[in-house]
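Novice: Curious how this folds, go ahead:
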Amino acid sequence: MPAPTRLLIAGYGDIGARVARLLPAGVAVQAVNRSGRECLGLPQAVTLIRADLAALGKLAAPGSHILWLAPPPAQGPGDATLEAALDGLPAPAKFVYLSTSGVYGDCGGAWVNESRPPAPGTDRARRRLAAERALQAWAEAAGCPWAIARVPGIYGPGRLPLQRLRERRPGPAPTLPGWSNRVHADDLAAALWAILRAGEGIYNVADGSPGTMGDYFRAVAQAAGLPPPPEVDSLAQLPPGLASYLQESRRIDAGRLHRELGWAPQYPDLRAALPGCLAPDLAWQAPQPPQPPPVAT
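Specialist: Next up, the predicted model:
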């Protein structure tokens, strides 16, 4: 499969910027988001487009690879924006969709590879699975190669719970152990670039070092020189979003990504990653650049 020469990143933000920084010279990039925010450190020019992603068919250059990073809306059964974008979209060279490992649901702590049937247990995961299936159905009808990256919690510079720790908000005690998974933002970007170049089908992306959420909070606190958070042993004492996350336990196997595409995480565990994560995050320019005019839709 030929490597991308034109790439449209839909939902361009921190992860899109990290992908763009990996691209070789000569790859033309269209970066689409609603804000028009620019990024630092790009190795080549990026055409920044401020537009509604539903207008994707009017935006994508012919023969582009498309990387969709935008999440579904917070309500509803699926992703109406993605479905609107696919309606009338000429088949690109490949369409890669960023999804979540949450589509597997609670697996009782088992190791999970891509052969496990999805069984989402939350509305947000059900919306992701509906979006996956909408993309697959469209791509197969259009004869378009597709790939889906199922991703757990993403961490990195600017993506750590430092404010939570400073505010001394409670975290889960060791008596609430359920397995959780994560991947460094730079490793996710490298995985997405590998999938764009050569992947097809569904790929799990994770660092291969699952742990508990309590372990994560304590490790971040120690690396940042902060006291560990107060610990509670009841889900009812935690915020609903965190409590919902802790009700599911699984360990994500990313072996297919390694075997087929040669991807391996630069940061295989928190010990390797956290010192660099605490450096200032330079992902976004400040102040913001002038806004480009909206694209008519």
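Novice: residue ranges for the strands of the stretch 151-297 of the chain, please.
Specialist: Per DSSP state E, counting those that start in this stretch, the stretch 151-297 of the chain carries strands over the ranges 153-155, 171-172, 179-180, 182-184, 201-204, 211-212, 231-232, 251-252.
Novice: Within its sheet, name the partner strands of the fifth one and how each one runs.
Specialist: Partner strands and pairing direction for strand 201-204 (DSSP bridges) are strand 146-151 (parallel).
Novice: remind me which residues of this structure are low pLDDT?
Specialist: 1, 36-45, 280-297 (pLDDT under 70).
Novice: how far off strand 146-151 does the longest helix along it point, in degrees?
Specialist: Scanning the chain for the helix with the most residues, using DSSP state H, yields helix 123-142. Inter-element angle recorded for helix 123-142 and strand 146-151: 160 degrees (by axes from the mean of the first three to the mean of the last three CA atoms, to 10 degrees).
Novice: Excluding its own residues, what touches helix 123-142? List them.
Specialist: Helix 123-142 is contacted by residues 68, 72-74, 76-79, 82-83, 86, 89, 91, 95, 97, 99-100, 102-103, 105, 118, 120, 144-146, 148 when judged by CB atoms under 8 Å, 6 or more residues apart in numbering. In short, each C-beta sits where N, CA and C put it, glycine included.
Novice: go again using 6 Å as the cut-off
Specialist: 72, 78-79, 82-83, 86, 91, 95, 97, 99-100, 102-103, 118, 120, 146, 148 (CB atoms under 6 Å, 6 or more residues apart in numbering).
Novice: Show me those that map onto helices.
Specialist: 82-83, 86.
Novice: ok, those vs Arg169, which is closest?
Specialist: Leu82 (33.5 Å; CB to CB).
Novice: Count the neighbours of the closest one for me.
Specialist: Residues within reach of Leu82, counting by other CB atoms under 10 Å, total 27.
Novice: Run through the residues that contact it.
Specialist: With CB under 6 Å, 6+ apart as the criterion, the residues that contact Leu82 are Ala131.
Novice: ok, it to Val112 distance?
Specialist: 24 Å (CB to CB, to the nearest Å).
Novice: Likewise for Leu261?
Specialist: For Leu261 relative to Val112 (CB to CB), the value is 19 Å.
Novice: more neighbours, the two?
Specialist: Val112 (20 against 17).
Novice: mind listing what the more buried one touches?
Specialist: Counting by CB under 6 Å, 6+ apart, Val112 makes contact with 104, 250, 252.
Novice: Closest to Pro152 out of those residues?
Specialist: Within the contacts of Val112, the smallest distance to Pro152 is 5.7 Å, found for Ile252 (CB to CB).
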